[in-house]
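> My questions are about this predicted structure, shown below with the sequence.
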Amino acid sequence: KNVNIIIPADMSPETQTVDGNDAISPKPLTFHSEFDKFLLLNILIQRSSHKEFPYLFGLHADLPAYNMNGKVKILMMNERIHDEFLKILAEELIPAMGCTEPIALAYAGARAREVLGCLPDRVIAYCSGNMIKNVRCVTIPNSESMVGIEAGVMLGIVGGNASKCMEVLEDLTDEDRKTAAAMLRDGVCTVEYLDSEIPLHIILELHKDASVVTLEIRYDHTNITKITKDEEVIFSSDHKEGGCSLADRSLLSVDNIKDFADQVPLKDIHELLDRVIIHNMNIAYEGMAGSYGLGIGKIIKESYPDGVAVRMKAYAAAGSEARMGGCDMPVMINSGSGNQGIASSVPVIVYARENNICQERLYRALAFSSLLTIYQKEFIGKLSAFCGAVSASCASGAAITYLVGGTLEQIKNTIGNVLANIPGIICDGAKISCAAKIATSLDAAMMAHYLAMNGRAYQADSGILQEDAGETISCVGYIGKEGMKQTDKEIIKIMLQ
């Protein structure tokens, strides 16, 4: 009597009715007898093109439970959304050591050195303004406190393992660090400003005697678009922005994200989200226990009245500060950013644990928060003058509304309440004060959540708010990507003075 039946969208209409009732109606379908139920299930087995029959009728124990009252509620699970959203999560939730921009430089250096076949005697790193902005102030992990573009490049060249992608510096040895430091003292690496409209843009030149290798990365941290050796093209790709993604991101919407989070079998997401929980909470604990930056997490926890919102801010900020301060523990990043990965997961995990919310519900809330962060960043881009802590904290606030059983309207109101408040926080580069921006953004996200759960929401046409949360997200994204281009240039100009 308690069966969730999931009907794929591609089933023919004649297989979707029992006793004249439309099986994809959002209304519960009443079975007049056990035989009717048996008949429907057998029709589905015989007629459906779905490749996994148990998933078809949702007989997994890990599907969300509903109070049927003797009725079967028919759920619509679009197989394409299911598959594409899993691909999106796999593409964006990946491990990385340290701030991702210096790691991208190290990855580029390691890969270029592989092609050159030896250590170079001269290196030129051409970097876009956003790359310079996000590298100059952060400590590189596993480097014994090295900072800067030259250090990131040389560490990758000397001891990086390009096969480990965003964990390229994991295997550095003392000898590697000494060699890189000596080459830096000798002035082997120089940096040039790359005047490019692409925010994430790197061109490395490695010279050895008469031989030269050139490697170019565009749009994404590991998206190599061209490698040449002695003017011969070794590799070329025409991937444009978002082109390195294999998933269809046009399906992302608040409604679809919620449907996916509600219905995805836990077996499809729990391994990935377990890594998010383990890695991101580990660095949060390290930030609280260690000596990084200003010790913001400990100060928040000790100075504010005790409560779950305070602990959410404290642990998320502490994780960010440790990461920016050179901690070599990996973080599961989101949309190319470890701070976004932390801000979209740690608050949700802390809230669930503090309120004894079951693990299944936590997994679903983390899937929701992760996808909502990705959805917002699709409009903004990987790097811009818009602070990514806002997007990730907005997603955490909405995920907490989801976690406590909020309606779709309340979730959308949480999003609107956040974006009515703090869409103007600028990104002035990666550094330890990113932790403070995460704490501030989470404070706004929790206020937005409490307002929404009390039936309060800012209305459309209040500033930049639109009728629908998705429209508001796209408008904020347009401001962050297009409207703040000149702001970005002015920020970089000030930082380089």
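That came through, no problem.
> C-alpha from now on. contacts and neighbour counts both.
Noted.
> Helix or strand with the lowest mean pLDDT in the chain?
helix 53-56 (a mean of 39; mean pLDDT, DSSP states H and E).
> which residues make contact with the helix or strand hosting residue 134 from outside it?
Residue 134 is part of helix 129-135, with elements assigned from DSSP states H and E. For helix 129-135, contacts defined as C-alpha atoms under 8 Å, 6 or more residues apart in numbering pick out 99, 101-102, 147-149, 193-196, 199-202, 383-384, 428-431, 488-489, 492, 495.
> hey, C-alpha coordinates of the next helix-or-strand element following that helix in PDB?
Note on helix 129-135: by DSSP H and E, the next helix or strand toward the C-terminus is helix 149-159. Extracted in PDB, the C-alpha atoms of helix 149-159 (Å, rounded to 0.1, in the frame of the first residue of the first chain):
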ATOM      1  CA  ILE A 149      51.900  33.700  -9.000                       C
ATOM      2  CA  GLU A 150      55.600  32.900  -9.500                       C
ATOM      3  CA  ALA A 151      55.500  30.500  -6.600                       C
ATOM      4  CA  GLY A 152      52.400  28.700  -7.800                       C
ATOM      5  CA  VAL A 153      53.800  28.300 -11.300                       C
ATOM      6  CA  MET A 154      57.300  27.100 -10.200                       C
ATOM      7  CA  LEU A 155      56.000  24.600  -7.600                       C
ATOM      8  CA  GLY A 156      53.900  23.100 -10.300                       C
ATOM      9  CA  ILE A 157      56.800  22.900 -12.700                       C
ATOM     10  CA  VAL A 158      59.200  21.400 -10.200                       C
ATOM     11  CA  GLY A 159      57.100  19.000  -8.300                       C
END
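> Would you map the helices across the stretch 151-300 of the chain?
Listed in chain order, the helices of the stretch 151-300 of the chain (DSSP state H, counting those that start in this stretch) span 174-185, 254-263, 270-289, 296-303.
> want to try CSV for the ones you listed, with mean neighbour count as columns?
Output for the helices of the stretch 151-300 of the chain, formatted as CSV (neighbours: other C-alpha atoms under 10 Å):
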stretch, mean neighbour count
helix 174-185, 16
helix 254-263, 20
helix 270-289, 20
helix 296-303, 18
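> what's the angle from the helix or strand hosting residue 123 to helix 149-159?
Residue 123 belongs to strand 122-127 when assigned by DSSP H and E. If you take axes from the mean of the first three to the mean of the last three C-alpha atoms, to 10 degrees, strand 122-127 sits at 130 degrees to helix 149-159.
> Mean confidence (pLDDT) on strand 122-127, please.
Throughout strand 122-127, pLDDT has a mean value of 97.
> Partner strands of it and their direction?
strand 189-193 (parallel), strand 201-208 (antiparallel) (DSSP bridges).
> The ones you listed: which one's closest to residue 108?
The closest of the strands paired with strand 122-127 to residue 108 is strand 201-208. By C-alpha to C-alpha, the value is 7.3 Å.
> what comes up buried for that closest one?
Using 16 or more other C-alpha atoms under 10 Å as the test for burial, strand 201-208 gives 201-207.
> Need those residues in CSV (columns: distance to residue 424 and pLDDT).
As requested, the buried residues of strand 201-208 are exported to CSV (distance: C-alpha to C-alpha, whole Å; pLDDT from 0 to 100):
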residue, distance to residue 424, pLDDT
201, 25, 96
202, 28, 97
203, 31, 97
204, 34, 97
205, 37, 97
206, 40, 97
207, 43, 97
